[in-house]
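Colleague: pasting the sequence and the predicted coordinates here, then a few questions.
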Amino acid sequence: MDPSRIDFLISGCMSETLSEEEWAELAALAQASPELQEALVRCRVVDRLVREAAKPAVDPAQVLRMIGSGGGEDLKHRIVEKIREESGGTTRPRTGFRRPTRRYLAARRIHTLWFAIAAAGLLFGIILVVSRPPSSPASSGSKSRGSEGQESKRTPPVEDSASAAAARARAEQERKDAESRLQALREEEARAEQARREARDELRNKADEAFLEIARKRKEQEERLKTLRDAEEEAKRALPKTTTPPTPLDKPETLAALAKVERVAGEVYVLTASGRVAAKEGDVLLPGQGVETVGPTSGATVVYPDKTRLELGAGTEVRELKEERGKRVTATKGKVRAVVSRQPKDQPMVFATPNGEATVLGTTLRLGIDPDPQKGTRLEVEEGKVRLKNLAGRFADVTSGHIAVAAVGIELQARPFLDGTRPTAIELESFGTGRGVKPSDGPVKRLYLEPLGEASGGRCVGAPCVGTEISGELQLASGAWYLWVRFRDDTQAQLTFEVRLNGLLLDTVTTDGKSERWHWKRFPFESEGQTWLALRSTYEAQPAGRPLPTNPYGVINRWDLLILTRDAVYTPERK
Amino acid sequence: MDSDEAVLEVRRGNLDAYGVIVAQCEVKVRVVLAMIVPEARMVDDLVQEVFLRAYRLLAGYQPGSDFAAWIKEIARGIGLNERRAWVRHQTAARKHRVRFEGAIEQTLDAASRRNESEALLSVVDCVDQLADTAREVVRRHYWQGMTAQAIGAGMSRTVEWVWVVLHRARLSLARCLESKGMLHGSQPH
């Protein structure tokens, strides 16, 4: 065995970064070599010792003091408190279980003076900022529109298109001013919050007051911004559509518009250079801007003039929409389904992600982006052809019905996946006639039988004898799926088995026992692409005193057929 | 107040004396747990459980025998139980990870029986003796909690480079601790 390979495996073991295949390799090596076992254990012991040494403090001397005099005051008090509670003694207020880091305490002592000075300076600055009146809007003509300090003042009725356009421009300018002031106040608030946390006791009250004052100002400014936005909207509505000549203010926006937000669900923001603002349907996206969806129920649809659509799932962020020799989108996280209209041949649409980029000429695709480089970017192509390139510069051309993943430690290759357009049946008998891995290039990577424990020793082939499981990896299109399982048990008493997806228990099934009748059961689940399916027969259902099944051909107690479908009303034939 | 005196105080009803026991034994308990549990992050939660279990069993302790050894045995028991629970809760997708833990279990158990809690005294000293680059990587990883990716990005190196440096640093630390008589067993690979 190559020593550098062993070094790699041990190193990955310590940092918990090995893949399952690498864990398997390491486990086999450790079982075969007592010397390697010893080396692994010593590495782990050192790793854990250093971790424990690092926990109390940065200062090495503190480790010595902790050993000598016994540190962990916090733990000591927690335990004494808990024991008091259990003993029925008086209960003092409990401290949190979180261990306060000594590094934090030391840093606080060292920097207390600096915090005090900084807080005093900051307080002075804050007072200057909050006491400064808001700047006047850049209005050139209409003196009656000066709305400084008049939050409730609305735009007056507009009598003609020129005045309406001017009113809109002023309202927009006021809104922008208010936004920038609000941004400044938010930053000040954040700094004041920091100062409030760290200042000494005698300054804390003053910092609190300043913080509250800024928070009050911020709220006022938010109210003011809301009022101004309403005014701007009102001015826009009053603008006659047919007679409005293009104003200098409108022209650059119209020309530069790249796409627009067609649908908004939940919390959605437009990302701009100056921050993010709440998105609404119909918002125009300019070059360099992006969209972010926040929360589990959020979503948005962005449409380009050529009908190219981006459907953003929950918790997704796309930044810097551009038009540079073709459309460019930087997707940093989440899920994007794209229906890309045919693009000019030399101007493909490019999706850049932290783990690679996908180049599209015209297709329908789905992207799942995980910032974790080990999980990477997953590309599903429903129709057309996409080139996916990873950070190492390797690429794969992914065609309809195929997926590829660009991630650290995963070979970049296109593989077929089940799209669910029609039910797919998997006969377990054919997979189970021999034990071991059954590699395949198809959507079912492998599905094989193995014993769970030592009890049955895997003597039942192709059947769920007690203590066995069938598991395999499936490449499924994202979304809702239904798994149908056919099972029966014609000789034993009741047998229970579990159906698990990606390790999570979907449901448990108990057979009738002593019946040759086949049963079907449906298990709905949500696929996120690569899916690990396992059917596991459990020990618990085995009746006491009954011998474990030992039939070598496994035709007795079994599940024998799986059907995967996306059709909610599909029902298998009851034969 | 030594441990035995503290035990007698606790038995007389002075619960605060148990704080002395906690303060004196926390590090020893932590080291025993750290050697047994499959994942380092499990240690913090189990320390509290060890001291609570020890309190309930305190009537069974005989003053004059070795209190530290007694409580470390409790810690071993809890650590091994937690280890078994961890194995039970792993999914089929992690079976090889579980198999690996099974392969090294006996050797780990033997290591946890050795009295290596004093090695903590020398860890910082040994870290200081590492070469500059290795020391910096170790400090960033263990003391500042940075991932290999973050360390690599900060030092303009690859993640693989960080793993290799950490691995070699651990080997050097093992040799250093052994030379100080703080670590036992054969040479690491």
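Modeller: In hand now; what should we look at? Numbers count the residues shown, from 1 in each chain, chains lettered A, B, ... in the order given.
Colleague: what's the closest non-adjacent residue to residue A:303?
Modeller: Excluding its sequence neighbours, the residue lying closest to residue A:303 (C-beta to C-beta, 6 or more residues apart in numbering or on different chains) is residue A:262, at 4.6 Å. For every residue, glycine as well, the C-beta is placed using N, CA and C.
Colleague: distance check, that neighbour against chain B.
Modeller: Plainly put, residue A:262 is 37 Å away from chain B if you go by C-beta to the nearest C-beta, to the nearest Å.
Colleague: which residues does that residue contact?
Modeller: Listed by C-beta atoms under 8 Å, 6 or more residues apart in numbering or on different chains, the contact set of residue A:262 reads A:281, A:282, A:301, A:302, A:303, A:309.
Colleague: nearest to chain B among these?
Modeller: For the contacts of residue A:262, the closest approach to chain B (C-beta to the nearest C-beta) belongs to residue A:302, at 30.4 Å.
Colleague: circling back to that earlier point, against residue A:209, how distant is the residue nearest to residue A:303?
Modeller: Taking C-beta to C-beta, to the nearest Å as the criterion, residue A:262 is separated from residue A:209 by 47 Å.
Colleague: same check, this time on residue A:285
Modeller: Remark: distance between residue A:285 and residue A:209 (C-beta to C-beta) = 42 Å.
Colleague: could you do residue A:373 as well?
Modeller: Noted for residue A:373: a distance of 46 Å to residue A:209, by C-beta to C-beta.
Colleague: between those two, who's got more neighbours?
Modeller: Neighbours per residue, other C-beta atoms under 10 Å in any protein chain shown: of residue A:373 and residue A:209, the larger number sits with residue A:373, 17 against 13.
Colleague: does the more buried one touch residue A:408 like I think?
Modeller: Yes. Under the criterion of C-beta atoms under 8 Å, residue A:373 makes contact with residue A:408 at 4.3 Å.
Colleague: which residues are in contact with both of these two?
Modeller: residue A:355.
Colleague: mind naming the longest helix for chain B?
Modeller: Ranked by residue count under DSSP state H, the longest helix found in chain B is helix B:67-89.
Colleague: what mean pLDDT does that helix get?
Modeller: Mean pLDDT, helix B:67-89: 87.
Colleague: from the chain's centroid, how far away is it?
Modeller: Averaging C-alpha positions (C-alpha atoms, centre = their mean, to the nearest Å) puts helix B:67-89 12 Å from its chain's average.
Colleague: can you tell me what sits against it?
Modeller: Outside helix B:67-89, the residues that touch it by C-beta under 8 Å, 6+ apart are B:3-4, B:7, B:21, B:24-25, B:28-29, B:32-33, B:35-39, B:42, B:46, B:49-50, B:53-54, B:57, B:61, B:98, B:101-102, B:105, B:109, B:112-113, B:117.
Colleague: of these, buried ones?
Modeller: B:3-4, B:7, B:21, B:24-25, B:28-29, B:32-33, B:35-38, B:42, B:46, B:49-50, B:54, B:61, B:98, B:101, B:105, B:109, B:112, B:117 (16 or more other C-beta atoms under 10 Å in any protein chain shown).
Colleague: could you restrict those residues to the ones contacting chain A?
Modeller: Among those, the ones lying near chain A by C-beta under 8 Å from any C-beta of the partner chain are B:24, B:25, B:35.
Colleague: switch the residues you listed over to JSON lines; also include secondary structure, pLDDT and distance to residue B:151.
Modeller: As requested, those are arranged in JSON lines below (DSSP: H, G, I helix; E, B strand; the rest coil; pLDDT from 0 to 100; distance: C-beta to C-beta, whole Å):
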{"residue": "B:24", "secondary structure": "helix", "pLDDT": "84", "distance to residue B:151": "36"}
{"residue": "B:25", "secondary structure": "helix", "pLDDT": "86", "distance to residue B:151": "34"}
{"residue": "B:35", "secondary structure": "helix", "pLDDT": "85", "distance to residue B:151": "25"}
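Colleague: save the residues you listed as CSV, and put in distance to residue B:127 too.
Modeller: Below are these laid out as CSV (distance: C-beta to C-beta, whole Å):
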residue, distance to residue B:127
B:24, 25
B:25, 24
B:35, 19
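Colleague: and residue B:65, how far from residue B:51?
Modeller: When distances are taken as C-beta to C-beta, residue B:65 and residue B:51 turn out to be 18 Å apart.
Colleague: one more: residue A:7?
Modeller: Counting by C-beta to C-beta, the separation of residue A:7 from residue B:51 is 39 Å.
Colleague: hmm, residue A:48 is touching residue B:38, no?
Modeller: No. Assessed by C-beta under 8 Å, residue A:48 is found out of contact with residue B:38, at 11.0 Å.
Colleague: hang on, the earlier thing: so between residue A:7 and residue B:51, which is more surrounded?
Modeller: Set residue A:7 next to residue B:51 and count neighbours by other C-beta under 10 Å: residue B:51 wins out with 25 against 16.
Colleague: that one falls within a helix, correct?
Modeller: Yes. Counting by DSSP: H, G, I helix; E, B strand; the rest coil, one finds residue B:51 located in a helix.
Colleague: how much space separates it from residue B:134?
Modeller: Between residue B:51 and residue B:134 the computed distance is 36 Å (C-beta to C-beta).
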